[in-house]
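Novice: structural data only, the sequence is not supplied:
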């Protein structure tokens, strides 16, 4: 395998895979977010701590995210819309996967860009037509990748990233979500 | 109905609902994100423009989001993980819904907080066990709401928000996602 420098510590990930086969409890992570309503449909959501490898963990810093609706929804546009955050997650997950798979396959990346488009008929959320779903009708991701690899190898990188993507799975398959009041 | 000031322009939303029944084409939105790989599993994703109401639209400003993996994944932790962005979207979507429904029902909100927890067995994405899915195993949202309303009315606010939530639908029901190379 050619030595490439995509910056992914694949060796550590392969070792984690083997270690977690022996200690499946350590593989159970819980990611957390805490949001606070500001005004109108504007809220802020904070992320820092999570649980994994059997104990409390923390990101280096706390990150705060603003969400709002745009002015065409008669709102103040203090942040992107909640549904756009799903596109951020999808783009970044698939991109991380491309980098990881490329590292594992000895393919040097030079640039990776992805454009994500989510079609959304807002008659659903507005209650204008009960036959229209609330979420995306369709999502499309288009990669442009410059790498020391053939077009077929690049297609295969993207396919393998999709196969192992947490966010791709979360959007394409159902997840149980329980919503309640404390 | 009591006059309340939650800051949501419900009248505009109700008018939009009626208008879009007559002009369903205008209800077709396309949200967009563009990501660029930085190094390792670190990427940045930019959001500003979208399409809706029959024409190109724009947020007031461009927002840039960093995603990375934490140090326990042998990465640099330059941002939250991609899957955590889904929790930001879920928390903010349900919170916006609570504010909108409360405004429509004449319920004055004083504070709304939500804690979101996403259980995630990382053996899936690591390829350690093919029976473990890549995405969340389970997601739980817990609201704490202070409002001029009975506990039953607060429960009903949250239930109605869930019923109209774009992100709740996107996570609990499957969406077609197509991933390709330009």
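Specialist: Thanks, I have the structure now. Quick caveat, the model's predicted, so the values are computed rather than measured.

Novice: what does the average pLDDT come to for the helix or strand residue A:157 falls within?
Specialist: Per DSSP states H and E, residue A:157 falls inside helix A:151-163. Helix A:151-163 shows a mean pLDDT of 98.

Novice: kindly report the same for stretch A:40-54.
Specialist: What stretch A:40-54 shows for mean pLDDT is 98.

Novice: from the chain's centroid, how far away is the helix holding residue A:157?
Specialist: 18 Å (Cα atoms, centre = their mean, to the nearest Å).

Novice: what does it rub up against?
Specialist: A:94-98, A:100-102, A:105, A:107, A:143, A:145, A:147, A:149, A:168, B:179-181 (Cβ atoms under 8 Å, 6 or more residues apart in numbering or on different chains). (C-beta placed from N, C-alpha, C; glycine too.)

Novice: out of those, which end up buried?
Specialist: Neighbour-count burial (16 or more other Cβ atoms under 10 Å in any protein chain shown) applied to the contacts of helix A:151-163 gives A:94-98, A:100-102, A:105, A:107, A:143, A:145, A:147, A:149, A:168, B:179.

Novice: returning to that earlier point: narrow the contacts of helix A:151-163 to those in helices?
Specialist: The helices, defined by DSSP state H, take in A:94-98, A:100-102, A:168 from the contacts of helix A:151-163.

Novice: who does the nearest residue to residue A:84 once chain neighbours are set aside bridge with?
Specialist: Sequence neighbours aside, residue B:31 is the residue nearest to residue A:84 in space, at 5.1 Å (criterion: Cβ to Cβ, 6 or more residues apart in numbering or on different chains). Applying DSSP bridges to residue B:31 gives these bridge partners: residue A:118, residue B:50.

Novice: residue B:31 contacts residue A:121, correct?
Specialist: No: here residue B:31 does not reach residue A:121: they are 11.9 Å apart, not a contact under Cβ atoms under 8 Å.

Novice: re the thing from before, among the ones in helices among the contacts of helix A:151-163, which two are most distant?
Specialist: Using Cβ to Cβ, the two most remote members of those are A:102 and A:168, lying 17.2 Å apart.

Novice: please identify the helix or strand for the closest residue to residue A:80 other than its chain neighbours.
Specialist: Of all residues not flanking residue A:80 in the chain, residue B:47 sits nearest, at 5.0 Å (Cβ to Cβ, 6+ apart). Assigned by DSSP H and E, residue B:47 belongs to strand B:42-52.

Novice: same deal with residue A:20?
Specialist: Judged by DSSP H and E, residue A:20 forms part of helix A:10-22.

Novice: quick one: buried residues of that helix?
Specialist: Across helix A:10-22, burial judged by 16+ other Cβ under 10 Å covers A:10, A:13, A:16-17, A:20.

Novice: residue B:172: which of those is nearest?
Specialist: residue A:20 (27.4 Å).

Novice: what's the pLDDT at the residue lying closest to the closest one once chain neighbours are set aside?
Specialist: Leaving out its chain neighbours, the residue that sits closest to residue A:20 by Cβ to Cβ, 6+ apart is residue A:27, at 4.4 Å. pLDDT for residue A:27: 97.

Novice: ok, back up a step: and the gap between the residue nearest to residue A:80 and residue A:137?
Specialist: Distance, residue B:47 to residue A:137, by Cβ to Cβ, to the nearest Å: 19 Å.

Novice: so for these two, which residue has more residues nearby?
Specialist: Between residue B:47 and residue A:137, counting by other Cβ atoms under 10 Å in any protein chain shown, residue B:47 is the more crowded of the two (25 against 16).

Novice: ok, that one - contacts?
Specialist: A:80, A:84, A:87-88, B:31-34, B:59, B:62-63, B:65.

Novice: ok, residue A:124 - contacts?
Specialist: A:132-135, B:164, B:166, B:169.

Novice: where does chain A have its least confident helix or strand?
Specialist: Across the helices and strands of chain A, mean confidence by mean pLDDT, DSSP states H and E is lowest for helix A:10-22: a mean of 93.

Novice: how about residues contacting that one?
Specialist: Residues contacting helix A:10-22 (Cβ under 8 Å, 6+ apart): A:26-27, A:100, A:103-104, B:73-74, B:122-123, B:126-129.
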